[in-house]
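*Asks:* Have a look; sequence and predicted model below, questions after that.
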Amino acid sequence: LDAENYETDPCLKEIRRAENYSWMDIVTIHKDKLPNYEEKIKTFYEEHLHLDDEIRYILEGSGYFDVRDKDDKWIRISMEKGDMITLPAGIYHRFTLDENNYVKAMRLFVGEPVWTAYNRPADDFPARKQYMKFLADEA
């Protein structure tokens, strides 16, 4: 994706249309830009899941998404400018900045945004059960 020209990028426009990502905003994670920075960083790093997919597109900077694999081991995914990730509903994950301590990201949602994170353990949610069934079916 063309992070320099995200406002007019036809590839991003097509992804948003195809996936029905109708809502978006931009968040900057940096101590001078994000209110309650220290608290938010700790919250992002708490292992959690969401009941909806989490879609992030990195416009500037870099960081890491950590996700749990089918054996409950961490996998670290390095994200940098131009990268987009979709974390499925029900997957345990966390986010942290790298040594640059800066990222600007677009957050995308289908419909109205839902910000609720459910810290582990959250295994009884239907989204978690559906995700675990998906893993089992893939195995």
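*Replies:* Happy to help now that I have it.
*Asks:* Where does residue 52 sit: helix, strand or coil?
*Replies:* Classification of residue 52 using DSSP: H, G, I helix; E, B strand; the rest coil returns coil.
*Asks:* can you check the one 4 residues further on too?
*Replies:* Classification of residue 56 using three-state DSSP returns strand.
*Asks:* Now do it against residue 125, distance only.
*Replies:* 21 Å (C-beta to C-beta, to the nearest Å). Backbone N, C-alpha and C define where each C-beta goes, glycine included.
*Asks:* Between these two, tell me which one has more neighbours.
*Replies:* residue 56 (20 against 15; other C-beta atoms under 10 Å).
*Asks:* If we ignore the residues flanking it in sequence, what's nearest that one?
*Replies:* What sits nearest to residue 56 in space, not counting adjacent residues and going by C-beta to C-beta, 6 or more residues apart in numbering, is residue 105, at 5.0 Å.
*Asks:* go on, residue 47?
*Replies:* residue 120 (4.6 Å).
*Asks:* which residues sit in contact with the one you found?
*Replies:* Neighbour list for residue 120: 47-49, 92 [criterion: C-beta atoms under 8 Å, 6 or more residues apart in numbering].
*Asks:* what do you get if the cut-off is 7 Å, keeping everything else the same?
*Replies:* 47-48, 92 (C-beta atoms under 7 Å, 6 or more residues apart in numbering).
*Asks:* repeat for residue 96
*Replies:* Residues in contact with residue 96 (C-beta under 7 Å, 6+ apart) are 44-45, 63-64.
*Asks:* top of these by neighbour count?
*Replies:* Top of those by neighbour count (other C-beta under 10 Å): residue 63, with 22 neighbours.
*Asks:* ok but that residue is inside a helix, no?
*Replies:* No. Using three-state DSSP, the secondary structure at residue 63 is strand, not a helix.
*Asks:* distance of it from residue 21?
*Replies:* 21 Å.
*Asks:* go on, residue 118?
*Replies:* As judged by C-beta to C-beta, residue 118 and residue 21 stand 22 Å apart.
*Asks:* In terms of neighbours, single out the busier of the two.
*Replies:* Per other C-beta under 10 Å, whichever of residue 118 and residue 21 has more neighbours is residue 21, with 20 against 17.
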